[in-house]
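> Sequence and computational prediction follow.
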Amino acid sequence: MLGACGEDADSTAADATVPAETPELRIISLSPSATEIIFAVGAGPMVVAVDEFSYYPPEAPVTELSGYTPNVAAILFYEPAVVVWHGGPDDVRASLEAAGV
């Protein structure tokens with residue numbers, strides 16, 4: 001049905017390729033629910049660090065990052081492209097944005 005909405009219906013998203021020069025997306029999750037969702041949608045291999053309460057799934061990396069009191073230096077140590085959390089102090093957000101995250 002959706003084939004009529006776009007390109008040739010004989011091609012699929014699986015046929016698409018990612019250019020070799022695309023950098024690896026490095027994700028940090030500072031929220032247990034976000035960690036579960038990230039893994040559920042198949043992006044788990046991109047997760048490089050999680051908060052101390054993200055126990056599930058078992059494949060989530062074990063770290064001591066805090067989602068309650070995020071430490072910008074500790075977060076930047078993992079060189080993330082994306083940090084997912086439910087929000088927090090504006091200075092943390094501003095510092096991460098200033099660092100290009």
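Yep, that arrived.

> okay, CA-based contacts and neighbour counts for the rest of this
Fine.

> residue ranges for the helices of this structure, please.
32-40, 72-77, 90-98 (DSSP state H).

> Mean pLDDT lowest where, among these?
Note on the helices of the chain: lowest mean pLDDT is at helix 90-98, with a mean of 88.

> related to what we said a few turns ago, same list, the helices of the chain, but as CSV with distance to E24 please.
Listed next are these as CSV, based on distance: least, C-alpha to C-alpha, whole Å:
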stretch, distance to E24
helix 32-40, 16
helix 72-77, 16
helix 90-98, 18
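
> doesn't V50 make contact with T63?
Yes. Proximity of T63 to V50 meets the contact threshold set by C-alpha atoms under 8 Å, at 6.1 Å.

> Looking at the two, which is more packed in?
V50 (28 against 13; other C-alpha atoms under 10 Å).

> Contacts made by the helix or strand of the chain with the lowest mean pLDDT with the rest, please.
When the helices and strands of the chain are compared on mean pLDDT, DSSP states H and E, helix 90-98 comes out lowest with a mean of 88. Applying C-alpha atoms under 8 Å, 6 or more residues apart in numbering, the set of residues contacting helix 90-98 from outside is P70, N71, V72, L76.

> Try it again at 7 Å.
Contact with helix 90-98 is made by V72, as judged by C-alpha atoms under 7 Å, 6 or more residues apart in numbering.
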